[in-house]
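A.B. asks: got a structure for you, letters missing:
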């Protein structure tokens, strides 16, 4: 008797806890209904302001909807470990660069860990890792473990920086997690401007101040590349260019165009796509930009550049003579004079004329003194401001700057300036990241999903519960009550643990509805059997529960273990399904066995059950 | 109400017919898998997918030609929702670019019928291969877990045949996916993450029915002579027939609801689970238990079972 009372108490407590856990969800729902019911926006606002605490509290504790239901973005970003390891190496020579290229090529083909690929490649070349990494006395094993630690650090730093960027941008309830040694998973509910978010996230935000080479050096370099292309034939890609011959001439005012383009008989593969003005500035058109970039990436072209130099393109196009967009090409020193690590503050504003957006930056004390020295030593020279490999501006240094201030201009919109402010403040990522998976759902599809989900839930519940009533009569009522409690428990556990409900999650609940009554079916069939053997109702019920228990347990354990493995190995949406299935299956052990049994005991005590109650 | 009054089928005697049927199913499936293969979704092959919804009815051919003209190469199919199309193409790291390309082309060329891009998915090749591996690992691990659990709760012959039955079920559904893949526009039957979820659900559930039958055999076989096994197996299967079918029936009912109402994103999953549970119920009765019988019969051993209750 004592045991029975305990069960009853347990049922009451579970029910109350479930209801309590779901209460904020109900509150949130009715509050937002209330807000929308007002005729004017003013009334709604007034209501929101007067009930702010209540609304916030309810929203915080209510059942969250998953990305697919609310609309939003799910991103997986991968940290470029090859780049990270390259950064860690010192005295890099041709051999090293070749090895790293091989590693990069292998990494694209296989999904082995980068560190293993690196080790394998060095082993194949029979070079100890210590020639390039850390200390010469280190063994390969030590270096591998150091690099591994390095990449774990880099991943968590990258995650923090990305979190900073997202927080600054302002997304409600972002979820940012890491997976394995190089993946960052980002969930952004309710994001509408996907493009902006993507740009905000994918940039490394590596800021560098680099000296420009003299214009004459630049012209000589371009000449060298041109004649190299003449000798070696033009890359096949050039043929696909749209009427490239006119590029150079359309680029610039005729008076400024240098002799090369006048000499039209000789082929000038480079000057077909690159224009050169009298003062030694080189340009390319928007439509030839990709091609020029691909040329600049070629290692044989890079070998033609002066020592410690690099050709970079402008971040933003200028408007050329014919209204076409032109990108300036810069020859800059490879080693930066100063990097973005010294930046402490960034602020987006409008420039002195009040129309051009720009970002003001200030530096820490170390940066300030370096900056003063650099600017002082290079008066009259041009210093390029390079962010993630593109040149924002290359102003001439007018005078020594003692206060550690600098400015980025050449920005198109204030919005972009704001985004730059965010990434500069958050700091540079330790290595480049790239987006390897992206799933975004618009809010309208989300609303469709919600409707479909609710419909499925309602119909499944209706179909299954009616079936139980028809097939098992009075006993069916008990099973249906248990089913309601089961759904309640699943939802309340999700709400209580701050997990979110997604469409696969709803599918899990629907499936649970079908599976949860299974335990009752097993029990009832057993009870029918016992009744058929001529046992009394009380004995039949007791023995039915006892004897059906072992197969119920077995079947639940197998379903649970499959769901658990799905949760462990699954990613994203599938985990939502696994979670609801797990909760639902465990809950049904309780609801189908304890709850229905208790109902029968109550009914039996009141003499409300007979042989006919089981259909 | 009762669907099955006292039944008295001789399952064991006719088991060879069921074996034959299963073998035909499996061979057809394997044949199709070898020749036609499977339709992989972007989860497993990598790529980008855009779901475009129009305000009014639109013609597939027209949209296809507009996208072609805009230089976005890929395949366009009707999506299982009203006025919606699924455009799939190779993986694009920058989905923004893809989106604006599609939007601009459609806005320019299809006037008077505004569209909305309601979903974009892009899965890189490295993610796709990761997903494939975790799917295989999860499936193998679940089979192993079930083998161990049933092995401990019953004994190894029961566990092995139970796992063989699961294998049979999953392979049959896989075969169905291959045979029917791409035949229906409302249900492309592509292999993606959700199908793996379906397989694991099938694995976990298929053994449920099997265990119900096993449980009854275990209860009755204790202390019986091997010559009585045929009778006991048959009686046990008949006695549990009703509950085996009704438990599956309730799940089938809810999966059917999912198939009808939950929309195209869940349809493949619902189909897989539906087929899997149907096959799973069949295999519990016609494959798993008869195989145990054959095994016991051939090795002429008697069973020593764990965990049975003496009642």
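C.D. replies: Everything's here; your move. Note that the coordinates shown come from a computational prediction; the quantities given were computed from them, not determined experimentally.
A.B. asks: now the spatially closest residue to residue A:375 that is not a sequence neighbour: phi and psi?
C.D. replies: Using CB to CB, 6 or more residues apart in numbering or on different chains and skipping the chain neighbours, the partner closest in space to residue A:375 is residue A:401 (4.5 Å). For every residue, glycine as well, the C-beta is placed using N, CA and C. Main-chain torsions, residue A:401, degrees, to the nearest 10: phi -110, psi 110.
A.B. asks: one more: residue A:326?
C.D. replies: Torsion angles, degrees, to the nearest 10, at residue A:326: phi -120, psi 140.
A.B. asks: neighbours of it, just the number please.
C.D. replies: Neighbour count for residue A:326, taken as other CB atoms under 10 Å in any protein chain shown: 23.
A.B. asks: hey, what's it bridged with?
C.D. replies: Counting by DSSP bridges, residue A:326 is bridged to residue A:285, residue A:318.
A.B. asks: show me what contacts it?
C.D. replies: A:251, A:275, A:283-286, A:317-320 (CB atoms under 8 Å, 6 or more residues apart in numbering or on different chains).
A.B. asks: chain B: which of those is nearest?
C.D. replies: Within the contacts of residue A:326, the smallest distance to chain B is 14.6 Å, found for residue A:286 (CB to the nearest CB).
A.B. asks: tell me which element residue B:87 falls in.
C.D. replies: strand B:84-89 (DSSP states H and E).
A.B. asks: how about the stretch 51-200 of chain A: which residue is closest to chain B?
C.D. replies: For the stretch 51-200 of chain A, CB to the nearest CB, closest residue to chain B: residue A:195, 4.1 Å.
A.B. asks: quick check: closest non-adjacent residue to that residue.
C.D. replies: Per CB to CB, 6+ apart, closest to residue A:195 is residue B:96, 4.1 Å.
A.B. asks: about what we covered before: and the residue of the stretch 51-200 of chain A closest to chain B, which of the three is it?
C.D. replies: helix (DSSP: H, G, I helix; E, B strand; the rest coil).
A.B. asks: isn't it up against residue B:98?
C.D. replies: No - Residue A:195 lies out of contact with residue B:98 (CB atoms under 8 Å); the separation is 11.1 Å.
A.B. asks: for the stretch 201-311 of chain B, what spans make up the helices?
C.D. replies: Along the stretch 201-311 of chain B, counting by DSSP state H, counting those that start in this stretch, helices occupy B:229-261, B:264-283, B:289-299.
A.B. asks: any part of the second one near chain A?
C.D. replies: Spelled out, it's helix B:264-283. Yes - residues of helix B:264-283 contacting chain A under CB under 8 Å from any CB of the partner chain: B:265-266, B:269-270, B:273.
A.B. asks: ok, which stretches of the stretch 501-615 of chain A are helices?
C.D. replies: Using DSSP H, counting those that start in this stretch, helices in the stretch 501-615 of chain A cover A:503-532, A:537-569, A:573-588, A:596-605.
A.B. asks: and of the ones you listed, who's closest to residue B:22?
C.D. replies: helix A:537-569 (21.3 Å; CB to CB).
A.B. asks: now the helices of the stretch 501-615 of chain A as a markdown table including mean pLDDT?
C.D. replies: A markdown table is the format used below for the helices of the stretch 501-615 of chain A (pLDDT from 0 to 100):
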| stretch | mean pLDDT |
| --- | --- |
| helix A:503-532 | 91 |
| helix A:537-569 | 87 |
| helix A:573-588 | 89 |
| helix A:596-605 | 87 |
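A.B. asks: adding mean neighbour count and distance to residue A:150, write those helices out as TSV.
C.D. replies: As requested, the helices of the stretch 501-615 of chain A are exported to TSV (neighbours: other CB atoms under 10 Å in any protein chain shown; distance: least, CB to CB, whole Å):
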stretch	mean neighbour count	distance to residue A:150
helix A:503-532	26	37
helix A:537-569	22	28
helix A:573-588	25	30
helix A:596-605	18	58
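A.B. asks: any idea of the mean pLDDT for the one helix or strand residue A:150 maps to?
C.D. replies: Secondary structure assigned from DSSP H and E places residue A:150 in helix A:140-169. Helix A:140-169 shows a mean pLDDT of 87.
A.B. asks: what packs against it?
C.D. replies: Packed against helix A:140-169 by the contact rule (3 or more CB pairs under 8 Å, 6 or more residues apart in numbering or on different chains; DSSP states H and E) you find strand A:72-79, helix A:81-88, helix A:114-125, strand A:175-179, strand A:183-189, helix A:194-202, helix A:414-426.
A.B. asks: now the strands for chain B?
C.D. replies: Taking DSSP state E to define them, one finds strands in chain B at B:47-54, B:75-78, B:84-89, B:115-123.
A.B. asks: how about residue A:415: what's its closest non-neighbour residue?
C.D. replies: Going by CB to CB, 6+ apart, residue A:415 has residue A:196 as its nearest residue, at 7.2 Å.
A.B. asks: wait, doesn't that neighbour sit right on residue A:413?
C.D. replies: No - in this structure, residue A:196 is not within contact of residue A:413 by CB under 8 Å, at 10.6 Å.
A.B. asks: how far off centre is stretch A:569-587?
C.D. replies: Relative to the chain's own centre, stretch A:569-587 is displaced by 22 Å; criterion: CA atoms, centre = their mean, to the nearest Å.
A.B. asks: pick the most deeply packed of the helices of the stretch 201-311 of chain B.
C.D. replies: Among these, helix B:264-283 has the highest mean neighbour count (mean count of other CB atoms under 10 Å in any protein chain shown), at a mean of 24.
A.B. asks: per-residue pLDDT, residue 259?
C.D. replies: Just going to use chain A. On the pLDDT scale, residue A:259 gets 39.
A.B. asks: switch to chain B, that's the one I care about
C.D. replies: pLDDT, residue B:259: 93.
A.B. asks: isn't it up against residue B:267?
C.D. replies: Yes - if you go by CB under 8 Å, residue B:259 and residue B:267 touch, sitting 6.1 Å apart.
A.B. asks: now list whatever residues contact both of those two.
C.D. replies: In contact with both residue B:259 and residue B:267: no residue, using CB under 8 Å, 6+ apart.
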